[in-house]
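Engineer: Return a 3D structure for these sequence lines:
(2 chains)
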Amino acid sequence: MDVEREIISIIAEVSGFETEEISMNSSLEDLDIDSIRAIEITVALEKKFKISIRDEDVPEMRTVKAAIDKVNQLLNG
Amino acid sequence: MDKTIVSDKYDAIIIGAGIGGLVCGCYLANAGLRIMLLEQHHKPGGYCSSFRRNGFIFDAAAHSLGSFREGGHLHKIFKDLSIYDSVKVKRSDPSNMIFTPDHNISIWNDINKTKKELSALYPKEKNNIDNFFDYILNIKGQDAIKVRNKTFLDVLEMFFTDKRLISILSIPLLGNGGLPASKMHAFTGISIYSEFILDGGYYIDEGMQKLPDALSKYISGKKGTVLLSRSVERIICDKGSVQGVVLNNGDVMYSNVVISACDAHQVFTRLLDGYEVSHGLENKLIQMEPSLSAFILYIGLNDKLKGALHPGTNIWHLPHYNIEDIYESLSNDSFAEQKYFLYRISPDKNTIQLLVNTSYRNADYWNENKERIQETLINHLENIIPDLRNHIKHVETATPITLAKFTRNYRGSAFGWAHSVEQLFDVDFNIRSSIKGLYLTGHWTAKALGIPGVAYVGSATAKLIMMKDNIMYKQTA
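Structural biologist: Numbers count the residues shown, from 1 in each chain, chains lettered A, B, ... in the order given. I've put the predicted structure just below:
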């Protein structure tokens, strides 16, 4: 499974942006994603990858790269 | 059947003139887009419509509104579209009452009055009651993150220990979302409280139909068209992009943007032409649970009922405190016997609407049982309103089959997909679909609930489309 592509696809679904418009360095703010939709993305990632992100780590996932790193860390840890 | 092929190109085609489709259409039309809104029924509104019978006006399903406070979703939409003059909104106080085996509890427009009343009945829970309402109205940040995978029962248990009070506070969820607190997502429960219960009880003078009629007129007043009695048979797709729609009379209309403001289940299982849904989505469409439907009783009265009957207030009749048992019974034969129901006497005291959520069953079942259920429910109501039968001039019912027929919602579903923890944030039913140019709005987008919810999602859908097309999001003053 290509983790990076899956995550960008989920962020695209939630934000409405095309996958091509989303880069590793995009922040959720750039993508017009408010705090509730950021939680939505978190839940979608947890379901998709069958992981559990710690509550206190959720606010840290402010960029696409941070989300990818967090998912990779949980998948490989 | 008219087989004339017309080929018109629109900036956007919207399927379904429920409140979600209409609001979306209004915002797009306001931005100058040439839109076509297609509705299979002969009037707009979906569940937010009214019908006339025997001199009475009945609201078909939705009969009151929430989220009309300054800054509330509906309030904002009324303001943006300047429809205050054509749609007169009034408010009942109390907005809701819960008749329990022990007390009649009111939800007042003044939240402090509600807190005081509940605290007087449950003095040991006084501080918890204050904290619960504060939490509901102000939740954000880490508090929201903590309950992202929780049920609303988890939320209630964070605050309360009294099982009866927990049951009482669960009742509005069952009626406004068709799930018990133990199954409903915390976010949905919180929004039912903040949008429908604590900011509820609004209604439209002269019936709900005024709202869809005003929204329809707004669209027609811009570069938009609302065509009634036109059902969409196919959504044309080519190479993963939508191209337009084919109507039941053979007409073809073209657009690179098609907005499904109708039942998403049918869109993905039946309407898409030239696009194969993935196996994953196919399985999901089989597994995903729609919300419950409803059995609705419409009663026209021959003279004004007397006494303190709380016209305009949504009254929930709770026969006992076991919500799980009530919920289970809604899907079986005895759903009418167990005495859980919602009723509302119209503000003019001319009509009564009684509603029980129930599961979809085939037409034979309802033909055989409809009358028995109707009589059982009238008997229950007569226990509350003495001598009711002598005041009845007209009575009729809508079953889940009726709801499915008039709105084409999958299995007569009253609230779109069930708002369970498992289903709430499903990415396949987001506004943006996996097909280029196909958008979903209304209560099948997996997050929207009720009229404030679909109105909000309708405006959000329009905003997203305009953002993608680089159309300035034009705010009306």
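
Engineer: only C-alpha atoms for contact and neighbour calcs from this point on.
Structural biologist: OK.

Engineer: is stretch B:127-141 up against chain A anywhere?
Structural biologist: Yes - applying Cα under 8 Å from any Cα of the partner chain, one finds stretch B:127-141 touching chain A at residue B:141.

Engineer: For that stretch, list every residue counted as buried.
Structural biologist: Buried residues in stretch B:127-141, counted by 16 or more other Cα atoms under 10 Å in any protein chain shown: B:128-130, B:132-133, B:135-136.

Engineer: what sits up against that stretch?
Structural biologist: A:35, B:115, B:118-119, B:156, B:159-160, B:190, B:193-194 (Cα atoms under 8 Å, 6 or more residues apart in numbering or on different chains).

Engineer: In helices, which of those fall?
Structural biologist: In helices, defined here by DSSP state H, the members of those are A:35, B:115, B:118-119, B:156, B:159, B:190.

Engineer: host element of the closest residue to residue A:19 other than its chain neighbours?
Structural biologist: Using Cα to Cα, 6 or more residues apart in numbering or on different chains and skipping residues adjacent in sequence, the residue nearest residue A:19 is residue A:12, 5.6 Å away. Element membership for residue A:12, per DSSP states H and E: helix A:3-15.

Engineer: one step back: from the buried residues of stretch B:127-141, which is closest to residue B:292?
Structural biologist: Closest approach between the buried residues of stretch B:127-141 and residue B:292, by Cα to Cα: residue B:136, at 24.9 Å.

Engineer: Mean confidence (pLDDT) on the helix holding residue A:12, please.
Structural biologist: If you average the pLDDT over helix A:3-15, you get 89.

Engineer: next one: stretch B:281-297
Structural biologist: 95.

Engineer: In it, which residues are buried?
Structural biologist: Those would be B:285, B:289-297, for stretch B:281-297 by 16+ other Cα under 10 Å.

Engineer: Please apply the same query to stretch B:81-96.
Structural biologist: For stretch B:81-96, burial by neighbour count (16+ other Cα under 10 Å) applies to B:81, B:87, B:89, B:91-96.

Engineer: Do I have it right that residue B:177 meets residue B:413?
Structural biologist: No - taking contacts as Cα atoms under 8 Å, residue B:177 lies outside contact range of residue B:413: 10.5 Å.

Engineer: Counting neighbours, go ahead and name the busier of these two.
Structural biologist: Ranked by neighbour count (other Cα atoms under 10 Å in any protein chain shown), residue B:177 and residue B:413 place residue B:413 first, with 29 against 26.

Engineer: residues in contact with the more buried one?
Structural biologist: B:290-294, B:360, B:400, B:403-404.

Engineer: swap the cut-off to 7 Å and go again
Structural biologist: B:290-293 (Cα atoms under 7 Å, 6 or more residues apart in numbering or on different chains).

Engineer: of all those residues, which comes closest to chain A?
Structural biologist: Distances from chain A to those, taken as Cα to the nearest Cα, are shortest for residue B:290 (19.7 Å).

Engineer: circling back to that earlier point, among the contacts of residue B:413, which ones are in helices?
Structural biologist: When DSSP H is applied, the contacts of residue B:413 are split such that none fall in helices.

Engineer: Include distance to residue B:439 when you put those residues into CSV, please.
Structural biologist: Formatted as CSV, the contacts of residue B:413 follow (distance: Cα to Cα, whole Å):
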residue, distance to residue B:439
B:290, 19
B:291, 21
B:292, 24
B:293, 25
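
Engineer: Any idea how far apart the tips of stretch B:30-49 sit?
Structural biologist: End-to-end distance of stretch B:30-49: 23 Å, with Cα to Cα, to the nearest Å as the criterion.

Engineer: If you count neighbours, what's buried in that stretch?
Structural biologist: B:30-31, B:33-41, B:43-49.

Engineer: what does stretch B:385-398 give?
Structural biologist: Buried residues in stretch B:385-398, counting neighbours by 16+ other Cα under 10 Å, are found at B:385, B:392, B:395, B:397-398.

Engineer: about what we covered before: list buried members of the ones in helices among the contacts of stretch B:127-141 by neighbour count.
Structural biologist: A:35, B:115, B:118-119, B:156, B:159, B:190.

Engineer: Secondary structure class of the nearest residue to residue B:297 once chain neighbours are set aside, three-state.
Structural biologist: Spatial nearest neighbour of residue B:297, excluding adjacent residues (Cα to Cα, 6+ apart): residue B:397 at 4.5 Å. Reducing the assignment at residue B:397 to three states with DSSP: H, G, I helix; E, B strand; the rest coil gives strand.

Engineer: Surely residue B:397 touches residue B:296?
Structural biologist: Yes - Residue B:397 is in contact with residue B:296 according to Cα atoms under 7 Å; the separation is 5.5 Å.

Engineer: who does the helix holding residue A:12 touch, helix- and strand-wise?
Structural biologist: Judged by 3 or more Cα pairs under 7 Å, 6 or more residues apart in numbering or on different chains; DSSP states H and E, helix A:3-15 is in contact with helix A:35-49.

Engineer: what comes into contact with the helix it packs on?
Structural biologist: Contacts of helix A:35-49 (Cα under 7 Å, 6+ apart): A:10-11, A:14, A:52-53, B:145, B:148, B:425, B:427.

Engineer: now the residue positioned nearest the centre of chain A: how far from chain B?
Structural biologist: A centroid search over chain A (Cα atoms, centre = their mean) returns residue A:67, at 4.4 Å, as the residue closest to the centre. Residue A:67 sits 15 Å away from chain B, going by Cα to the nearest Cα, to the nearest Å.

Engineer: what helix or strand does that residue sit in?
Structural biologist: Applying DSSP H and E, one finds residue A:67 within helix A:64-76.

Engineer: list the buried ones in that helix?
Structural biologist: Buried, per 16+ other Cα under 10 Å, within helix A:64-76: A:64-68, A:70-71.

Engineer: Which member of those residues is positioned nearest residue B:457?
Structural biologist: For the buried residues of helix A:64-76, the nearest to residue B:457 is residue A:64 (24.8 Å; Cα to Cα).

Engineer: and that closest one, what does it touch?
Structural biologist: Counting by Cα under 7 Å, 6+ apart, residue A:64 has contacts A:24-27.

Engineer: Give me the buried subset of the residues you listed.
Structural biologist: Counted by 16+ other Cα under 10 Å, those give residue A:27 as buried.

Engineer: out of the contacts of residue A:64, which touch chain B?
Structural biologist: With Cα under 7 Å from any Cα of the partner chain as the criterion, those include none near chain B.

Engineer: Columns secondary structure and pLDDT on top of the contacts of residue A:64, output as TSV?
Structural biologist: TSV is the format used below for those (DSSP: H, G, I helix; E, B strand; the rest coil; pLDDT from 0 to 100):
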residue	secondary structure	pLDDT
A:24	coil	90
A:25	coil	90
A:26	coil	92
A:27	strand	92
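
Engineer: Columns distance to residue B:264 on top of the contacts of residue A:64, output as a markdown table?
Structural biologist: Supplementary listing: the contacts of residue A:64 in a markdown table, determined by distance: Cα to Cα, whole Å:
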| residue | distance to residue B:264 |
| --- | --- |
| A:24 | 32 |
| A:25 | 34 |
| A:26 | 31 |
| A:27 | 31 |
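
Engineer: In three-state terms, label residue B:383 for me.
Structural biologist: From three-state DSSP, the assignment for residue B:383 is helix.

Engineer: Distance of it relative to residue B:176?
Structural biologist: Following Cα to Cα, the distance that separates residue B:383 from residue B:176 is 24 Å.

Engineer: Neighbour count for these two, which is higher?
Structural biologist: residue B:176 (19 against 10).

Engineer: which phi and psi does the more buried one have?
Structural biologist: Per-residue torsions, residue B:176: phi -100, psi -10 (degrees, to the nearest 10).

Engineer: Show me where chain B dips below the pLDDT cut-off.
Structural biologist: B:1-7, B:446, B:470-477 (pLDDT under 70).
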